[in-house]
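*Asks:* Sequence first, predicted coordinates after that:
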Amino acid sequence: MYLGIDDTDSRDGMCTTYVGLHAILKLQELGYDVIGYPRLVRLNPNVPWKTRGNGSVIVRFGAGTGKKLFIGEYRGTRLYAYTREKKRQIDSKELVEYLARNLEKFFMLDEKNTNPGVVISAKKFPEKLYWRGVRELLTVEEVERIIAESGASYKKYKLGRGIIGASCGIAWRDRRRTYELLAYTDSDTRSVDPATVKEIDRIPSIFDSYDPENDYIAIMPNSRTPVLFGIRGLNPQELIRAKSMLRTSPYHSYLIYETNQGTDDHLVRKNISEIEDYNSVIVKGTVSKNPRRIEGGHVIFEISDRTGTISCAAYEPTKGFRNTIARLRVGDVVEVYGGVRKEPRTINIEKIRIISAPPYREKISNPTCPNCGRKMESMGAGKGYRCRKCGYKVGEEAAEYRVVERELEGFYEVPTIARRHLAMPLKIMKNMRNVF
Ligand code: ATP
């Protein structure tokens with residue numbers, strides 16, 4: 001059986017993963033075992049109505065068999081899951097009502113934009129639903145149809161939009177996966193020793209803990225939530241080791257989630273003419289307009305392929321990444337990875353592969369008149385130069401140029417401080433299957 005929960009929190013309180021922890025406790029109280037790690041499934045990062053990271057929580061449960069799996073601790077009690085599930089009939093309709101009623105106290109129902117959804121299904125939904133959820137926009141109605149066809153049960157609150165994330169999360173097949181260990185506290189006193197965060201960030205399988213370029217601790221959330229810290233990595237054992245290396249204020253519980261974070265699952269290779277609003281894309285093109293800095297410190301340039309042209313942006317929060325983008329020139333060939341904004345229609349760059357950036361010539365001064373030795377003046381772009389004193393004319397080539405070497409080829413990414421949950425950091429790219 002699969003339980004999916006989404007859209008329970010608001011910007012200033014709670015966290016769906018904490019509801020997940022309490023769902024596990026409730027299920028265990030009812031005599032069910034957890035099967036496999038609980039899952040934190042991130043969906044389309046461009047949906048306009050998301051609170052923060054567009055994440056849903058999935059717990060597989062039933063009668064456990066196979067090996068025992070340590071998944072975390074709740075106020076001093078160790079929590080386990082089993083690796084496999086024995087077949088057993090469960091009345092999902094009754095259970096969904098019961099669980100929803102018991103978890104309601106964690107739902108921020110007064111918040112306008114919080115529209116919780118709880119789904120229970122005996123089987124995974126078709127995988128296609130996950131790919132649509134992570135890459136496109138879905139409606140509550142079409143998801144309700146899919147739930148009904150599968151014989152699953154659900155409970156909606158208010159607009160009930162949460163059933164979209166909950167169902168798409170149930171449809172996830174973890175072809176590419178990472179893990180996150182989340183620690184929870186009740187206290188307002190929160191601290192993490194930066195030196196220990198820098199230390200865990202050096203572990204090869206751990207990613208996005210610390211941003212050295214901006215001296216930013218990325219394991220602590222910025223908004224009010226029960227989460228004290230979250231460590232991301234490629235395997236659960238290393239996360240537990242990293243947790244023991246951290247020095248932090250007290251926390252009462254922690255849980256290890258299996259996730260699609262850092263998998264690039266949201267990205268689809270497209271030609272420019274195929275791009276739609278709210279997509280996340282990989283687009284290969286040639287720089288057709290040089291980068292320029294606009295108000296707010298954003299850097300914008302344009303790429304073209306044989307089907308069209310689109311703007312690409314490195315926004316201010318991407319900090320030093322903008323300096324790399326600013327070095328691009330017309331004619332460079334690049335592959336841009338990022339989410340598509342509707343207005344203005346721009347690719348918000350997450351990372352870029354610079355395929356070719358040949359040396360270019362840059363004019364450093366106008367030519368000197370070969371007749372009278374004076375500096376000559378330009379007659380307009382591409383029209384050559386004229387001597388103001390004697391009227392002598394020369395072509396464009398007579399000016400003094402220098403060759404700008406580039407050495408720019410390769411992958412570049414936004415710093416950790418600006419990373420989206422789904423974006424695959426370069427640090428773990430070589431460890432991931434089927435990377436583009
Ligand atoms: P948090 O990450 O803190 O849990 P959040 O960013 O996940 O918050 P939600 O409160 O989950 O924000 O809001 C996202 C909403 O968008 C949910 O209702 C979810 O069901 C819905 N949603 C997710 N993916 C899609 C999609 N592809 N199309 C339409 N709606 C979606």
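*Replies:* Structure's in. What do you need?

*Asks:* Now the helix or strand residue 322 falls within: buried residues?
*Replies:* Applying DSSP states H and E as the criterion places residue 322 in helix 321-325. The neighbour-count check on helix 321-325 (16 or more other CB atoms under 10 Å) flags 321-322, 324-325 as buried. (Glycine included, C-beta is placed from N, CA and C.)

*Asks:* my read: residue 342 touches residue 277, true?
*Replies:* Yes - between residue 342 and residue 277 there is a contact under CB atoms under 8 Å: 4.2 Å.

*Asks:* Quickly check: the longest strand along the chain near the ligand or not.
*Replies:* For the chain, the strand that runs over the most residues, judged by DSSP state E, is strand 55-74. Yes - residues of strand 55-74 contacting the ligand under CB under 6 Å from any ligand atom: residue 55.

*Asks:* That strand packs against which elements?
*Replies:* strand 2-6, helix 16-29, strand 33-35, strand 39-42, strand 77-86, helix 162-170, strand 253-259 (3 or more CB pairs under 8 Å, 6 or more residues apart in numbering; DSSP states H and E).

*Asks:* Tell me which of these lies nearest to residue 317.
*Replies:* Nearest to residue 317 among the helices and strands packed on strand 55-74 is strand 39-42 (18.7 Å), distances taken as CB to CB.

*Asks:* Show the contacting residues for the closest residue to the ligand within the stretch 251-400 of the chain.
*Replies:* Closest approach between the stretch 251-400 of the chain and the ligand, counting by CB to the nearest ligand atom: residue 278, at 8.2 Å. For residue 278, the contact set (CB atoms under 8 Å, 6 or more residues apart in numbering) comprises 44, 46-48, 136-137, 339-340, 342.

*Asks:* Among those residues, which lie within strands?
*Replies:* Applying DSSP E to the contacts of residue 278, the entries found in strands are 339-340.

*Asks:* Show the buried residues in the contacts of residue 278.
*Replies:* Burial by neighbour count, 16+ other CB under 10 Å: within the contacts of residue 278 this picks out 44, 46-47, 137, 339-340.

*Asks:* Which residues of the stretch 101-250 of the chain lie near the ligand?
*Replies:* Contact residues (CB under 6 Å from any ligand atom) of the stretch 101-250 of the chain with the ligand: 115, 133, 136-138, 161-162, 164-165, 168.

*Asks:* Which of the residues you listed are buried, as a ChimeraX select command?
*Replies:* Restricted to buried positions by 16+ other CB under 10 Å, the ChimeraX selection for those reads:
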select :115,133,137,138,161,162,164,165,168
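
*Asks:* Specify which member of the residues of the stretch 101-250 of the chain next to the ligand is nearest to residue 62.
*Replies:* Nearest member of those to residue 62, counting by CB to CB, is residue 168, at 21.2 Å.

*Asks:* and residue 67, what does it touch?
*Replies:* By CB under 8 Å, 6+ apart, residue 67 lies in contact with 82-83.

*Asks:* Roughly how far does it sit from residue 355?
*Replies:* Counting by CB to CB, to the nearest Å, the separation of residue 67 from residue 355 is 46 Å.

*Asks:* what's the answer for residue 383, then?
*Replies:* Residue 383 is 33 Å from residue 355, where distance means CB to CB.

*Asks:* ok, how many other residues are close to residue 211?
*Replies:* Using other CB atoms under 10 Å, residue 211 has 18 neighbouring residues.

*Asks:* Quick check: closest non-adjacent residue to it.
*Replies:* residue 416 (3.7 Å; CB to CB, 6 or more residues apart in numbering).

*Asks:* Would you mind confirming that the one you found makes contact with residue 217?
*Replies:* No - between residue 416 and residue 217 there is no contact under CB under 8 Å: 9.7 Å.

*Asks:* ok, back up a step: would you point out the most distant pair within the residues of the stretch 101-250 of the chain next to the ligand?
*Replies:* Farthest apart among those by CB to CB are 115 and 136. That separation is 19.0 Å.

*Asks:* State the phi and psi torsions of residue 349.
*Replies:* Residue 349 adopts backbone torsions of phi -70, psi 130, taken as degrees, to the nearest 10.

*Asks:* quick one on the thing from earlier: residue 383 and residue 355: who's more crowded?
*Replies:* residue 355 (14 against 11).

*Asks:* Pull the host helix or strand of the more buried one out as PDB, backbone CA atoms only.
*Replies:* Assigned by DSSP H and E, residue 355 belongs to strand 346-356. Provided in PDB are the C-alpha atoms of strand 346-356 (Å, rounded to 0.1, in the frame of the first residue of the first chain):
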ATOM      1  CA  THR A 346      13.200  33.100 -20.400                       C
ATOM      2  CA  ILE A 347      15.200  30.000 -19.400                       C
ATOM      3  CA  ASN A 348      16.200  30.400 -15.800                       C
ATOM      4  CA  ILE A 349      19.600  28.700 -16.000                       C
ATOM      5  CA  GLU A 350      20.500  26.000 -13.500                       C
ATOM      6  CA  LYS A 351      23.600  24.900 -15.300                       C
ATOM      7  CA  ILE A 352      25.200  25.300 -18.700                       C
ATOM      8  CA  ARG A 353      27.600  23.200 -20.900                       C
ATOM      9  CA  ILE A 354      29.700  25.400 -23.000                       C
ATOM     10  CA  ILE A 355      30.500  23.300 -26.000                       C
ATOM     11  CA  SER A 356      32.600  25.700 -28.000                       C
END
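
*Asks:* quick one: contacts of that strand?
*Replies:* 275, 280-281, 283-284, 300, 310-315, 318, 321, 324-325, 328, 332-341, 408-414, 419-420, 423, 426.
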